[in-house]
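Peer 1: heads up, no residue letters with this:
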């Protein structure tokens, strides 16, 4: 079964440093999502792409977070500078189209020290 | 925006018993309600979903019911097995027009004791 690939699986960084996460969605999936999951809570949407266009980034802290999906396939989420409160699991998900079920990757666990 | 409440936060059952997890949502325009299972160190995995034009859906030992009037939906797992132990999340799609935004509950840690 096709999967959403994410890397790295784990990342430890010091506060004020820059960090980046990569996601490769299931082939052919037009919609891509980045979610943040704080320990003990449900995932919260950060940004949603339809092909290469952002359709929802209302919950993305734009002063430090950025996301891109230049060719409408893989995507990168960046944090600069990282803060202690950014420690969380960052999950990528994709769906065939906007109203299709979401398929999640296994996430990147970020620890900011 | 949409708000999803999920109960209980933890649930412990004996193998073979049934487990029920309940969720309520706030946006009456929500029309899609998936349930996800998340095992330790992994991403959430879709186990069943229901749309607002259906009141109940079943897939082997798992069933979901939806009450649109009361704005609540439930997950039922029968004949539980130790491998059902995980965190379960409900979610609801908000009325964000073309954005189709999923809002998740805070999760239920299900433990099935052998």
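Peer 2: All right, it came through fine. Everything quoted here is computed from the prediction, not taken from an experiment. Numbering: from 1, shown residues only, chains lettered A, B, ... in the order given.
Peer 1: check which helix or strand covers residue B:6.
Peer 2: strand B:4-7 (DSSP states H and E).
Peer 1: How about residues contacting that strand?
Peer 2: With contact meaning Cβ atoms under 8 Å, 6 or more residues apart in numbering or on different chains, strand B:4-7 is reached by A:42, B:21-26, B:89-92, B:103-108. Just so you know, the C-beta spots here come from the backbone N, C-alpha and C atoms, and that holds for glycine as well.
Peer 1: Over to stretch B:39-59?
Peer 2: By Cβ under 8 Å, 6+ apart, the list of residues contacting stretch B:39-59 from outside reads A:4, A:43, A:91, A:93, A:101-107, B:30-38, B:62-68, B:73, B:75, B:86-89.
Peer 1: which stretches of chain B have low pLDDT?
Peer 2: Within chain B, the ranges that satisfy pLDDT under 70 run B:94-100.
Peer 1: give me the beta-bridge partners of the one residue in it that gets nearest to chain A?
Peer 2: Closest to chain A within chain B is residue B:104: 3.1 Å, counting by Cβ to the nearest Cβ. Counting by DSSP bridges, residue B:104 is bridged to residue B:91.
Peer 1: quick one on the thing from earlier: and the buried ones among the contacts of strand B:4-7, selectable in PyMOL?
Peer 2: Of the contacts of strand B:4-7, the buried ones go into a single PyMOL selection, burial set by 16 or more other Cβ atoms under 10 Å in any protein chain shown:
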select buried, (chain A and resi 42) or (chain B and resi 21+22+23+24+25+89+90+91+92+103+104+105+106+107+108)
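Peer 1: Can you name the element that comes right after the strand holding residue B:6?
Peer 2: Counting by DSSP H and E, the next helix or strand C-terminal to strand B:4-7 is strand B:10-14.
Peer 1: and that next one, how far out from the chain's middle?
Peer 2: Chain-centre distance of strand B:10-14: 15 Å, with Cα atoms, centre = their mean, to the nearest Å.
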